[in-house]
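Colleague: the following block contains a protein sequence and its predicted model.
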Amino acid sequence: MARDEINAFLGSGTDYQGKLNFQGAVRIDGNFSGEVESEGTLVVGKEARVEGVLRVGQLVLSGKVTGEVFAREKVVLHKTANLQGNLITPVLVVEEGAVLEGRVTMGSTASQATETQDQEIS
């Protein structure tokens, strides 16, 4: 499977609630409320609204996320992104126009924090 290949797609106009676990990459273009847990990549589309706790390898955000984000590798906020909540990640890429409201933790502290979160889940 290619690294960029999307495993699942939650389309626009749909609403989901609960816990999402996946491998690889998943794209959300609808509304999701709950927990997301994965070592893979979560892509949140421009029209998507996600609320809850996200524990992912990478987050690529173009829509809106409200809640806690723990990314083990990287977070990319495109120009249409809106993130409201706390973010812990070792690498953060922010395009001009993106909105980020909350606390950001990066660097070695972020790596330790995501590891702590992983241990609490186990």
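Modeller: Perfect, I can see it now. Fair warning: this is a prediction, and the values are worked out from it, not measured in the lab.

Colleague: was I right about residue 14 contacting residue 28?
Modeller: No. In this structure residue 14 lies outside contact range of residue 28 using Cβ atoms under 8 Å: 9.1 Å. No exception for glycine: its C-beta is placed from N, CA and C like everyone else's.

Colleague: neighbour count for those two, which is higher?
Modeller: residue 28 (25 against 13; other Cβ atoms under 10 Å).

Colleague: residue 43 is in contact with the more buried one, correct?
Modeller: Yes. Contact status for residue 28 versus residue 43: in contact at 7.2 Å, counting by Cβ under 8 Å.

Colleague: mind checking how far the closest residue to residue 20 other than its chain neighbours is from residue 97?
Modeller: In space, and not counting its chain neighbours, residue 20 is closest to residue 36: 4.7 Å by Cβ to Cβ, 6 or more residues apart in numbering. With the distance defined as Cβ to Cβ, to the nearest Å, residue 36 ends up 24 Å from residue 97.

Colleague: let me see the contact set for residue 92.
Modeller: 74-75, 77, 104, 106 (Cβ atoms under 8 Å, 6 or more residues apart in numbering).
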